[in-house]
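Asker: Structure for the following, please:
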Amino acid sequence: MKLGLQLGYWQRNADDATASVLAAERLGYDSVWTAEAYGSDAFTPLAWYGARTSRIKLGTSVAQLSARPPVTTAMTAMTLDHLTGGRLLLGVGASGPQVVEGWYGQPFARPLARTREYVEIMRKVWRREEPVTGDGPHYPLPLPDGLGKPLKLITHPLRPDIPVYLGAEGPKNVALAAEVAQGWLPLFAFPEKIEEMYGGALAGAPAGFDVAAMVTVVVSDDVRAALDGVKLMLALYIGGMGARHRNFHADIIGRMGYAEAAEHIQSLYLAGRKDEAFLAIPDELADGISLVGPPGRIKERLELWRKSPVTSLLVMGPRDEPTLKLVRDLVLG
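Answerer: Residues are numbered from 1 along each chain as shown. Here you go, the predicted structure:
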């Protein structure tokens, strides 16, 4: 199992994680990942950390499709991959209708078809076999009935096959990742349930396909407090990160076997009863998607992850070198 450091969003000047990234590289972490929503972008912090490191791989989890046309993402990825000596892992995802429609002002239509078309165009850009054209309905190239002509990327990529990961939660999206990508980035992974939930979707994955699961890690003797931290995050995602009738995060919790709880949590949260929403989250759900507690407990629960389809653990939470070392020893030792 490989080990990565998930930094999430860059929030403010004080959130320069260079020291953590350098520590992770020294300790043998395989990768470091950044994210974006409607604040910081994913690529700029990654370039910052890439300029200060030499070995650790650099991942986006995820760059949002609606933020950039596919050729723009392909250009950015090619440039960053070149500058860092071929270390980029490009995670992309469709996001959700609230962000796509509310922030980018674009329709959230046919995310599966859009994702497929997006990845195909990026790969055409990197291969440089011919001027790039696209006859799909979402990203036609060149623009029909215009003055444009097909163009070829000016710069030769360092790698024409930059690894692509898909951020996906539904079974059809996961199946698409297994078909067109090199990896899948699940936001919430319950190791004992992954095979049941996604075994069929992952059946067509090629050899070496990377299931890179994001997991909150809290090393603490106070298991109750650690679980409560996970539950605070879950309350936000289940309750507030989506519309009442279209919340992909609540849907995935439902597929884990907590459909009634998810509906109840969302209703409480949207009614402004956030404390009650927090209390309504089952402990076993928070525990199942995280690794919390003293080192012995985390080591024991790691066995569930080793038996699952997960091949990379992207740990969220640890930033200081002693904790990063302890996590490294638990996962890789």
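
Asker: Now do Gln6 against Phe278, distance only.
Answerer: Look at Gln6 and Phe278: by Cβ to Cβ, to the nearest Å, they are 23 Å apart. The C-beta positions use only the backbone N, C-alpha and C, and glycine is treated the same way.

Asker: any weak-confidence spans in the stretch 101-250 of the chain?
Answerer: Counting by pLDDT under 70, the stretch 101-250 of the chain contains low-confidence ranges at 243, 245.

Asker: count of neighbours near Asp210?
Answerer: Other residues near Asp210 come to 21 when the count uses other Cβ atoms under 10 Å.

Asker: Verify the stated contact: it with Thr311.
Answerer: Yes: taking Cβ atoms under 8 Å as the contact criterion, Asp210 and Thr311 are neighbours in contact, 5.2 Å apart.

Asker: Overlap in contacts, those two.
Answerer: Shared contacts of Asp210 and Thr311, defined by Cβ atoms under 8 Å, 6 or more residues apart in numbering, are found at Lys2.

Asker: ok so, going back, tell me which of Gln6 and Phe278 has more neighbours.
Answerer: When neighbours are counted by other Cβ under 10 Å, Gln6 and Phe278 differ, and Gln6 comes out ahead with 24 against 18.

Asker: For the closest residue to Thr155 other than its chain neighbours, list the residues it contacts.
Answerer: Closest residue in space to Thr155, ignoring its immediate chain neighbours: Met78 at 6.5 Å, by Cβ to Cβ, 6 or more residues apart in numbering. With contacts defined as Cβ under 8 Å, 6+ apart, the neighbours of Met78 are 125-126, 153, 155, 157-158, 162.

Asker: Which members of those residues are positioned in helices?
Answerer: The members of the contacts of Met78 that map onto helices under DSSP state H are 125-126.

Asker: export the contacts of Met78 to TSV and tack on neighbour count and distance to Pro140?
Answerer: Rendered in TSV, the data for the contacts of Met78 read as follows (neighbours: other Cβ atoms under 10 Å; distance: Cβ to Cβ, whole Å):
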residue	neighbour count	distance to Pro140
Val125	24	15
Trp126	22	20
Leu153	18	18
Thr155	10	24
Pro157	20	23
Leu158	17	28
Ile162	21	23
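
Asker: mind listing the helices for the chain?
Answerer: Taking DSSP H as the criterion, the chain contains helices spanning 18-26, 43-50, 70-83, 97-102, 111-127, 171-180, 191-202, 223-240, 248-253, 259-270, 274-279, 283-288, 295-306, 321-332.

Asker: got TSV for the ones you listed, with distance to Ile56 too?
Answerer: Formatted as TSV, the helices of the chain follow (distance: least, Cβ to Cβ, whole Å):
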stretch	distance to Ile56
helix 18-26	4
helix 43-50	8
helix 70-83	14
helix 97-102	29
helix 111-127	22
helix 171-180	23
helix 191-202	25
helix 223-240	25
helix 248-253	29
helix 259-270	36
helix 274-279	35
helix 283-288	29
helix 295-306	21
helix 321-332	12
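
Asker: Quick check, pLDDT for His9.
Answerer: Actually, residue 9 is Tyr. It isn't His. Looking at Tyr9, its pLDDT stands at 93.

Asker: Double-check it against Tyr38; I have them as touching.
Answerer: No: taking contact to mean Cβ under 8 Å, the distance of 9.7 Å between Tyr9 and Tyr38 leaves them out of contact.
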